[in-house]
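Student: show me the folded form of this:
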Amino acid sequence: MRLVRFAAAALTLLALQPATAQPAPKARNIIIFVADGLRYDSVTPETAPTFYRIRKQGVDFANSHAMYPTVTTANASAIATGHYLGDTGDYGNSLSFGFPIRCQVGAPVTITFLEDDCVLRAVKGHFGDGYMGQTTLIEASRNAGYNTVIVGKRGPAAIQWLKALDSADDDVGGPLGIFVDDATNHPTGMDKMPLMSTTLGGQIANDVFGATGGGSPPFTATPNLTQQAWLTALTTQVLIPGLRNAGKPFVLLFWSRDPDATQHGAQDSSGRIVPGINSVNPRAGIYNADSNLKGILDALKLWGMDGNTDVFVTADHGFSTIGKGEPTPEGDLPRTSFANGFVALDVATWLGGESIFDPDQNNLPIDRSNGERPVNGTAIIGPSVDRPRAMVVTNGGTDFIYVPDGVNRRDTAKTIFTNLVRQPYVGALFVDDALLASSNRADFAGALPMSAINLIGSSTMPHPAIVVGFRSFVAKGCTLGPLMCAVEVADTSLQTGQGMHGSFSRADTRNFMAAIGPDFRKAFVDRAPVSNADIAPTLAHILGITLNGPGSLKGRAATEALLGGKPVKATSGMLAAPPAANGVRTILEYQQVGDVHYFDAAGIPGRTVGLKAK
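Tutor: Model prediction:
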């Protein structure tokens with residue numbers, strides 16, 4: 001009876017629309033399910049029967065691509081808008097923002113983790129359309145008269161339409177639609193930091209409690225069973241019936257933390273790269289996400305909406321096992337390791353022994369003589385926090401190095417770069433175009449410009465001077481194929497045998513993508529390149545809506561995957577940097593459809609999994 005009452009309440013709440021909004025010409029429902037960190041080759045009938053069925057019965061995007069850096073918020077911005085990162089400004093999970101952000105206990109910081117509702121509010125408020133200035137698919141759908149629902153992981157969920165965070169004060173069922181992430185109804189996190197997410201109040205809170213057994217999502221676990229069970233119960237027992245009774249078409253996005261959370265946190269291969277993230281717990285995380293999707297599809301069928309709903313499944317990125325050391329020529333991993341902060345400590349040394357400050361510990365100085373390290377690897381380097389010469393910002397398999405203006409930026413960056421090309425942990429190097437334009441090109445030989453990978457666009461967000469992708473290799477003794485056996489160096493507090501992503505290996509750019517529904521072809525293998533930036537244009541094409549906003553770094557509508565679609569012509573290409581003095585150079589391998597580029601892998605030959613160049 002409680003569900004019946006909520007369905008009636010949801011009917012009223014979901015029906016709230018702007019007075020001028022009209023339904024789109026084609027009243028199709030859309031569900032986007034994001035399985036965070038799901039690798040294409042990890043989908044099997046045993047571990048992921050639902051994902052496998054969709055791939056076999058619907059469209060199998062067999063040539064899929066994530067954005068680089070292969071991290072969550074970056075790909076969330078592409079999924080939301082259909083634009084590459086140079087336009088959205090979401091270059092990575094952690095960034096240097098250049099202004100103080102007060103979202104943690106203690107001193108404000110200018111460098112922090114973006115995967116947070118409080119931080120997202122602050123960044124959007126400061127940069128305006130300079131960050132995520134494009135119309136997202138969710139926003140455009142809402143404006144076209146669709147009901148919209150966003151459920152799931154804190155950070156990437158809000159990125160689908162940042163204004164949805166404002167629904168905290170006008171009831172979550174108001175004109176902005178339904179928004180619930182895993183921080184909803186949690187004033188603070190487990191670390192007592194303010195979360196600044198939405199709240200559920202009134203009758204909605206009562207009925208959600210009745211359906212889920214709790215008034216707020218549980219915190220993240222490994223495997224992430226209880227949190228996602230709460231979010232799935234909310235979606236299947238409350239929201240989908242409410243959407244059915246509202247009588248309007250809808251767009252629903254569900255962002256599953258698993259298998260990402262479990263692959264990061266898995267301990268059952270600790271210290272060993274085989275089996276690494278192919279061990280039991282990571283497979284349980286895949287099955288957990290698969291079960292969540294099955295529950296959603298079962299609810300659609302129960303309420304008679306499966307025949308009119310297109311379901312698009314994607315992963316934000318692939319995944320690799322962490323190997324915190326340089327591999328031997330035979331593929332073994334030595335006992336020596338790269339502890340978190342190894343890049344920051346190197347940069348400080350190269351700059352003459354500058355001091356190091358940790359923004360993740362209230363900007364406290366690091367005492368290297370006592371073996372202290374930045375807790376997450378991110379660091380401010382210089383005579384003081386207020387006078388940095390460089391900042392190192394970690395993103396797992398990639399580090400960003402920022403060099404502020406006013407500190408002889410060119411010479412400082414040149415000093416850092418000259419040393420980087422000699423390091424065995426480096427897998428790929430990219431340099432800010434503006435820095436290249438003001439320098440002798442030979443100063444940065446070995447690197448490609450950031451514009452070559454669509455990191456320079458219309459956004460006004462500060463971008464790094466140097467992007468460092470880390471080395472990757474195939475684990476000796478692993479028999480599951482190179483992408484499933486990929487190992488990457490990572491600047492992280494996580495350990496060898498746990499999971500990471502962020503590199504430019506094909507293991508990290510190869511995400512899972514599939515679709516099924518009345519507008520998609522059946523049992524079709526799409527071998528044309530497709531990326532996360534193509535999802536919003538494809539679904540907007542189906543719905544007959546338009547996506548607007550600044551920037552020209554856009555994906556395309558994958559019309560070849562739709563009923564009646566025609567094949568598209570794809571070409572392959574390679575871009576090579578001029579070699580450094582020691583012969584090191586970055587090579588980018590890509591595919592192209594029209595003017596849209598798809599980045600397969602990039603790096604130094606012999607140091608990057610999936611790079612064909614020798």
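
Student: the strands in the stretch 451-600 of the chain, which residues?
Tutor: In the stretch 451-600 of the chain, the segments counted as strands under DSSP state E, counting those that start in this stretch are 466-470, 472-474, 486-488, 499-500, 513-516, 524-526, 530-531, 571-576, 587-593, 596-603.

Student: so for Asn548, which of those strands sits nearest?
Tutor: strand 596-603 (18.1 Å; Cβ to Cβ). C-betas here are computed from N, CA, C, even on glycine.

Student: how far away from the center of its chain is that closest one?
Tutor: The chain centre lies 17 Å from the centre of strand 596-603; the measure is Cα atoms, centre = their mean, to the nearest Å.

Student: repeat for stretch 530-550
Tutor: Put simply, stretch 530-550 sits 18 Å off its chain's centre (Cα atoms, centre = their mean).

Student: now it: buried residues?
Tutor: Buried residues in stretch 530-550, counting neighbours by 16 or more other Cβ atoms under 10 Å, are found at 530-543, 545, 547, 549.

Student: what's the mean pLDDT across it?
Tutor: The average pLDDT for stretch 530-550 rounds to 98.

Student: so what's the residue nearest the centre of the chain up against?
Tutor: By Cα atoms, centre = their mean, the chain has its centre lying nearest to Thr72, at 1.5 Å. Residues near Thr72 by Cβ atoms under 8 Å, 6 or more residues apart in numbering: 36, 93, 115, 153, 155-156, 260, 316-317.

Student: pipe those into TSV and attach distance to Leu448, pLDDT and secondary structure per row.
Tutor: What follows is the contacts of Thr72, written out as TSV (distance: Cβ to Cβ, whole Å; pLDDT from 0 to 100; DSSP: H, G, I helix; E, B strand; the rest coil):
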residue	distance to Leu448	pLDDT	secondary structure
Asp36	28	98	coil
Asn93	22	98	coil
Glu115	27	95	coil
Lys153	31	97	coil
Gly155	29	97	coil
Pro156	27	98	helix
Asp260	28	98	helix
Asp316	23	98	coil
His317	20	98	coil
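
Student: tell me the one of those nearest Thr394?
Tutor: The closest of the contacts of Thr72, once distances to Thr394 are taken by Cβ to Cβ, is Asn93, at 9.0 Å.

Student: show the pLDDT at Asp465.
Tutor: Careful, residue 465 is Ala and not Asp. We have a pLDDT of 98 for Ala465.

Student: quick check: longest helix of the protein.
Tutor: Secondary structure of the chain per DSSP state H: the longest helix is helix 280-302.

Student: can you give me the helices in the stretch 501-614 of the chain?
Tutor: Taking DSSP state H, counting those that start in this stretch as the criterion, the stretch 501-614 of the chain contains helices spanning 506-509, 535-543.

Student: now swap in the stretch 351-500 of the chain and tell me
Tutor: Taking DSSP H, counting those that start in this stretch, the helices of the stretch 351-500 of the chain run over residues 409-420, 433-437.

Student: residues in contact with the longest one?
Tutor: Residues external to helix 409-420 that are found in contact with it (Cβ under 8 Å, 6+ apart): 346-347, 350-351, 389-390, 401, 403, 426, 429, 431, 435, 438-439, 443-444, 447, 465-466, 468.

Student: mind checking which of these are buried?
Tutor: The neighbour-count test (16+ other Cβ under 10 Å) marks 346-347, 350-351, 389-390, 401, 403, 426, 429, 431, 435, 439, 443-444, 447, 465-466, 468 as buried among the contacts of helix 409-420.

Student: where in the stretch 251-400 of the chain is pLDDT low?
Tutor: Applying pLDDT under 70 to the stretch 251-400 of the chain flags the ranges 334-336.

Student: quick check on Met132: phi, psi?
Tutor: phi 50, psi 50 (degrees, to the nearest 10).

Student: and what of the one 3 residues further on?
Tutor: Note on Thr135: its backbone torsions stand at phi -70, psi 130 [degrees, to the nearest 10].

Student: contacting residues around it?
Tutor: Applying Cβ under 8 Å, 6+ apart, the residues near Thr135 are 81, 547-549.

Student: export those residues to a markdown table and tack on distance to Phe312?
Tutor: Output for the contacts of Thr135, formatted as a markdown table (distance: Cβ to Cβ, whole Å):
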| residue | distance to Phe312 |
| --- | --- |
| Thr81 | 15 |
| Leu547 | 15 |
| Asn548 | 21 |
| Gly549 | 21 |
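
Student: for those, work out which two are farthest apart.
Tutor: Thr81 and Asn548 (10.0 Å).

Student: hey, what's in contact with both of those two?
Tutor: 134-135.

Student: closest to Cys478 out of the helices of the stretch 351-500 of the chain?
Tutor: Comparing those under Cβ to Cβ, the one sitting nearest is helix 409-420, at 29.0 Å.

Student: pull the CA atoms of that closest one into CSV?
Tutor: The C-alpha coordinates for helix 409-420 follow below in CSV (Å, rounded to 0.1, in the frame of the first residue of the first chain):
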residue,chain,number,x,y,z
ARG,A,409,56.6,29.0,-16.5
ARG,A,410,58.5,27.9,-19.6
ASP,A,411,61.8,27.3,-17.9
THR,A,412,60.2,25.5,-14.9
ALA,A,413,58.2,23.3,-17.2
LYS,A,414,61.3,22.6,-19.4
THR,A,415,63.3,21.5,-16.3
ILE,A,416,60.5,19.1,-15.2
PHE,A,417,60.0,17.8,-18.7
THR,A,418,63.7,17.2,-19.4
ASN,A,419,63.8,14.9,-16.4
LEU,A,420,60.5,13.2,-17.1
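
Student: one step back: now the helices of the stretch 501-614 of the chain in CSV, with distance to Arg102?
Tutor: As requested, the helices of the stretch 501-614 of the chain are exported to CSV (distance: least, Cβ to Cβ, whole Å):
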stretch, distance to Arg102
helix 506-509, 33
helix 535-543, 32
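
Student: of all the ones you listed, which lies closest to Leu483?
Tutor: Between Leu483 and the helices of the stretch 501-614 of the chain, the tightest spacing by Cβ to Cβ is seen for helix 506-509, at 4.5 Å.

Student: show me what that closest one is packed against.
Tutor: Where contact means 3 or more Cβ pairs under 8 Å, 6 or more residues apart in numbering; DSSP states H and E, helix 506-509 is packed against strand 486-488, strand 596-603.

Student: please work out which of those strands is packed deepest.
Tutor: Ranked by mean neighbour count under mean count of other Cβ atoms under 10 Å, those are led by strand 486-488, which reaches a mean of 31.

Student: tell me the predicted confidence for the residue lying closest to Gly603 once chain neighbours are set aside.
Tutor: Residue nearest to Gly603 in three dimensions, not counting chain neighbours: Ala428, with 4.0 Å by Cβ to Cβ, 6 or more residues apart in numbering. Ala428 is assigned a pLDDT of 98 by the prediction.

Student: ok, Ala428 touching Gly469?
Tutor: Yes: the criterion here is Cβ atoms under 8 Å, and Ala428 meets it with Gly469 at 3.4 Å.

Student: quick one: common contacting residues for the two?
Tutor: Taking Cβ under 8 Å, 6+ apart as the contact rule, Ala428 and Gly469 both touch 503-504, 602-603, 608.

Student: now for those, which pair is the farthest apart?
Tutor: With Cβ to Cβ as the measure, no two of these lie farther apart than Ser503 and Ala602, at 9.5 Å.

Student: what do these two both touch?
Tutor: In contact with both Ser503 and Ala602: 428, 469, 608, using Cβ under 8 Å, 6+ apart.

Student: from Tyr91, how far off is the last one?
Tutor: Just to be clear, that refers to Thr608. Distance from Thr608 to Tyr91, counting by Cβ to Cβ, to the nearest Å: 20 Å.

Student: ok, now Tyr287?
Tutor: Counting by Cβ to Cβ, the gap from Tyr287 to Tyr91 is 32 Å.

Student: in terms of neighbours, single out the busier of those two.
Tutor: Tyr91 (30 against 21; other Cβ atoms under 10 Å).

Student: which parts of stretch 468-478 are buried?
Tutor: In terms of neighbour count (16+ other Cβ under 10 Å), stretch 468-478 has its buried residues at 468-475, 478.
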